[in-house]
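Undergrad: I would like the atomic coordinates for the input below:
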Amino acid sequence: MKKLLEIVGFLALVQGVAGLVHEFTDWNWGFVHRLGLLDGYEIYASVALIVLALALFAAAEGRDDG
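TA: Have a look, this model is predicted:
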């Protein structure tokens, strides 16, 4: 379970950073800007993904698999 939390956290972190990079540089990569539901809220969604990633990393760290 710890590895799964770390993998999902890493994916959320990458997508959050990609969304911020897209907003500030117009590089066309990442997933957040492709969702029509988030039009106008891409920066908030990207920051939320980064916060979610940090929470998942903390949950994985606190998890005792053994």
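Undergrad: Endpoint to endpoint, stretch 22-42 covers what distance?
TA: For stretch 22-42, the first and last residues are 9 Å from each other (C-alpha to C-alpha, to the nearest Å).
Undergrad: same thing with stretch 24-40?
TA: One end of stretch 24-40 sits 14 Å from the other (C-alpha to C-alpha).
Undergrad: gap between it and the chain center?
TA: Chain-centre distance of stretch 24-40: 13 Å, with C-alpha atoms, centre = their mean, to the nearest Å.
Undergrad: And stretch 12-32, by the same measure?
TA: Distance, centroid of stretch 12-32 to centroid of chain: 9 Å (C-alpha atoms, centre = their mean).
Undergrad: Then stretch 25-41?
TA: Once both centres are worked out by C-alpha atoms, centre = their mean, stretch 25-41 turns out to sit 13 Å from its chain's centre.
Undergrad: which helix in this structure runs the most residues?
TA: In the chain, with assignment by DSSP state H, the single longest helix is helix 2-25.
Undergrad: What mean pLDDT does the helix or strand just after that one get?
TA: Once helix 2-25 ends, the next helix or strand along the chain (criterion: DSSP states H and E) is helix 42-62. Over the span of helix 42-62, the pLDDT mean works out to 94.
Undergrad: give the contact list for the residue most central in space within the chain.
TA: Of all residues in the chain, the one closest to the mean position by C-alpha atoms, centre = their mean is residue 12, 2.5 Å from it. Taking C-beta atoms under 8 Å, 6 or more residues apart in numbering, we find residue 12 in contact with 49-50, 52-53, 56. All C-beta spots, glycine's among them, are computed from the backbone N, C-alpha and C.
Undergrad: go with 10 Å
TA: With C-beta atoms under 10 Å, 6 or more residues apart in numbering as the criterion, the residues that contact residue 12 are 48-57.
Undergrad: which of those count as buried?
TA: Buried members of those, counted by 16 or more other C-beta atoms under 10 Å: 49-50, 52-53, 56-57.
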